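1. Quick one: sequence plus predicted model below, questions after.
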Amino acid sequence: MDNKAYQLRARFLQEAEEKGATAKMLIAAVQLPTGAVEVITNTALIPSKIEYYNTAYDEEFRLKTNPNVRIVGFMFV
């Protein structure tokens, strides 16, 4: 298991609980299979995006349908 990725997801879940309801923005850095990192900015429907990340990604923040896609960073603003 990738301990760093596991800790990142645990921190995401903790911050989502603490800040998700009041956050104005959720920014996620997603590493694609090519190695490129895509930055996604969400400014609306943040609770539903949190739920998506929670269900679509595994405990190591890898996309369940394509484990070569993974979240490598995030920020609640």
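-> Yep, that arrived.
2. Which elements pack onto the helix or strand harbouring residue 4?
-> Using DSSP states H and E, residue 4 sits within helix 3-19. If you count contacts as 3 or more C-beta pairs under 8 Å, 6 or more residues apart in numbering; DSSP states H and E, helix 3-19 packs onto helix 46-56, strand 66-76. To be clear about C-beta, it is placed using only N, CA and C from the backbone, and glycine gets the same treatment.
3. Just grab the bridge partners of the closest residue to residue 75 other than its chain neighbours for me.
-> Spatial nearest neighbour of residue 75, chain neighbours left out: residue 27 (4.6 Å); criterion: C-beta to C-beta, 6 or more residues apart in numbering. Partner residues in beta bridges with residue 27, using DSSP bridges, are residue 41, residue 75.
4. Quick one, which of the helices and strands packed on helix 3-19 gets closest to residue 15.
-> Taking C-beta to C-beta, strand 66-76 is the member of the helices and strands packed on helix 3-19 nearest to residue 15, at 5.5 Å.
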